[in-house]
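A.B. asks: model the following, please.
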Amino acid sequence: MTSAEHGEGFVLAACAEMVFTDLPFLERVERIRDFGLAVEIWGWPGKDLDALAATEARFTSMTGYVEGDLIDPDGADALLKTAEESIAAARRLGARTGVPNLNLHGTGLDDKGLPIKPIEHVTGAMWMAAEKTLARIAALGEREDVVFCLENLNLPVDHPGTPFALAEDTHALVAAVDSPHLRMNLDLYHAQIGEGNLIERVRESAPYLGEVQVADVPGRCEPFTGEIRYPAVAAALHDAGYRGVVGMEAFASGDSTVALERFREAFTLTAD
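C.D. replies: Model prediction:
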């Protein structure tokens, strides 16, 4: 068991983009590492990957593309091309601790989280194109021995116009491709806003999960600050057999160390 593993085998991680935000990025990574958690990052361009790797933090997730989408032929080609570039970046980042999973969305997002190509209605032809693109991504993952994860997003608050945004959508696409190199990143913050019914969502998604991300609702802060009963979600994940990464992709409601403590408490199971 590594220092990043707690709560019946969950690997707990925190997103360095969202905590200790008053510190330089490298120091954020070191704070998370010293707390005993793995680290997640968003986009890799512009980051000093060698310096991050030298911290010997365990990185579990990073963005797996720079541009492109699942639907348009040119967009799909761009997605595949920048996915290959992201694999190379991931190998540098995980040179000492293992290659992180590579995160995908239904389409490219801008710096405000809005889709570069918003779509009001997803057609059957778009679904078929997306499945074909993701099959190519899975084949790339198999060839390079990495795992891509397709993340669900919410439409009402953060990402309006994003195609294939719901957890229901990502589940359907990942199940259709059915490859160990393409998994779901089940983001429970987004799922609570867009769909709810989190316990059942966990149970249904368990066979396809590559990662779970968490933040509370409303506010997108750490567990115990909103309406989600995360200890119950943790128990459901455990009962479903999930032992992978749980990442806190949440802002700290106050002190970042306290936020990490609350997160770890929520996902450390105790005997009845």
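
A.B. asks: so who does the spatially closest residue to Lys117 that is not a sequence neighbour touch?
C.D. replies: Among residues not flanking Lys117 along the chain, Thr107 sits closest, at 5.4 Å (CB to CB, 6 or more residues apart in numbering). In short, each C-beta sits where N, CA and C put it, glycine included. Contacts for Thr107 (CB atoms under 8 Å, 6 or more residues apart in numbering) come out as 69-71, 75, 115-117, 119, 162-163.

A.B. asks: now those residues: which count as buried?
C.D. replies: Of all these considered here, the ones buried according to neighbour count by 16 or more other CB atoms under 10 Å are 69-71, 75, 115, 119, 162-163.

A.B. asks: would you mind listing the buried residues in the one helix or strand Thr170 maps to?
C.D. replies: Secondary structure assigned from DSSP states H and E places Thr170 in helix 167-177. Buried residues in helix 167-177, counting neighbours by 16+ other CB under 10 Å, are found at 167, 169-171, 173-174, 177.

A.B. asks: what of stretch 258-272?
C.D. replies: Buried residues in stretch 258-272, defined by neighbour count with 16+ other CB under 10 Å: 259-260, 262-267, 269.

A.B. asks: now the helices for this structure?
C.D. replies: 25-34, 49-54, 73-93, 124-144, 167-177, 188-194, 198-205, 230-239, 256-266 (DSSP state H).

A.B. asks: could those helices go into CSV alongside mean pLDDT and distance to Pro100?
C.D. replies: CSV is the format used below for those (pLDDT from 0 to 100; distance: least, CB to CB, whole Å):
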stretch, mean pLDDT, distance to Pro100
helix 25-34, 98, 13
helix 49-54, 98, 11
helix 73-93, 97, 6
helix 124-144, 98, 13
helix 167-177, 98, 18
helix 188-194, 97, 20
helix 198-205, 97, 20
helix 230-239, 97, 20
helix 256-266, 98, 19
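
A.B. asks: widest-spaced pair of the buried ones among the contacts of Thr107?
C.D. replies: Gly75 and Thr162 (13.7 Å; CB to CB).

A.B. asks: from the chain's centre, how far out does stretch 126-140 sit?
C.D. replies: Here stretch 126-140 is found 19 Å from its chain centre; the criterion is CA atoms, centre = their mean, to the nearest Å.

A.B. asks: list the buried residues of that stretch.
C.D. replies: Neighbour counts using 16+ other CB under 10 Å place 126-127, 129-130, 133-135, 137-138, 140 of stretch 126-140 among the buried residues.

A.B. asks: need the residues you listed in CSV with distance to Thr225, can you?
C.D. replies: CSV is the format used below for the buried residues of stretch 126-140 (distance: CB to CB, whole Å):
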residue, distance to Thr225
Met126, 37
Trp127, 36
Ala129, 39
Ala130, 34
Thr133, 37
Leu134, 34
Ala135, 39
Ile137, 35
Ala138, 36
Leu140, 38
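
A.B. asks: going by distance to Ala89, which of those wins?
C.D. replies: Out of the buried residues of stretch 126-140, the one with the shortest distance to Ala89 is Leu140. That distance is 14.3 Å, counting by CB to CB.
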